[in-house]
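Chemist: Generate coordinates for the sequence data below:
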Amino acid sequence: MQDILLIAKALSDENRILFLQTIAQGELCACKILEKLSITQPTLSHHAKILEKAKLINTRKQGKWSHYSINKETLQHYQNFLQELQKGQKQ
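Modeler: Residues are numbered from 1 along each chain as shown. Here you go, the predicted structure:
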């Protein structure tokens, strides 16, 4: 249950949703995410840390930049949880 709580909390912020939408098509360098979201590097790092803690993103270091991608396994886990909730409501 703790993992579901972390995911729900991570998804409760507009900037983190935008972060995920930005990397939905594939891995992106932090520099590209900064350009698209018009946020500062410390703000990006803050949101990335929360998304990493919830295991919603994968991070790969290359040189001085981090590259981010969506952790599809975690999204599938969360989707399964939501589907089970939905099934429970129908009964």
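Chemist: neighbours around the closest residue to residue 69 other than its chain neighbours, how many?
Modeler: Leaving aside its chain neighbours, residue 69 sits nearest to residue 27 (4.0 Å; criterion: C-beta to C-beta, 6 or more residues apart in numbering). For glycine as for every other residue, the C-beta is placed from the backbone atoms N, C-alpha and C. By other C-beta atoms under 10 Å, the residues close to residue 27 number 14.
Chemist: Start at 43, not 1
Modeler: Understood, numbering begins at 43; the last thing we discussed is residue 69.
Chemist: By mean pLDDT, point me to the weakest helix or strand of this protein.
Modeler: Every helix and strand in the chain was compared by mean pLDDT, DSSP states H and E; the lowest is helix 114-132, with a mean of 89.
Chemist: Which other helices and strands does that helix contact?
Modeler: Under the contact criterion of 3 or more C-beta pairs under 8 Å, 6 or more residues apart in numbering; DSSP states H and E, helix 114-132 touches helix 44-52.
Chemist: Quick one: mean pLDDT for the helix it packs on?
Modeler: The pLDDT scores in helix 44-52 average 94.
Chemist: Quick one: list the elements packing against that helix.
Modeler: helix 83-95, helix 114-132.
Chemist: Distance from the chain centre to the shortest one, please.
Modeler: What it means is helix 83-95. Relative to its parent chain, helix 83-95 has a centroid offset of 9 Å by C-alpha atoms, centre = their mean, to the nearest Å.
Chemist: Who are the packing partners of that helix?
Modeler: On a contact count with 3+ C-beta pairs under 8 Å, 6+ apart, helix 83-95 meets helix 44-52, helix 56-64, helix 72-79, strand 99-104.
Chemist: ok, 10 Å please
Modeler: Here helix 83-95 touches helix 44-52, helix 56-64, helix 72-79, strand 99-104, strand 107-112, going by 3 or more C-beta pairs under 10 Å, 6 or more residues apart in numbering; DSSP states H and E.
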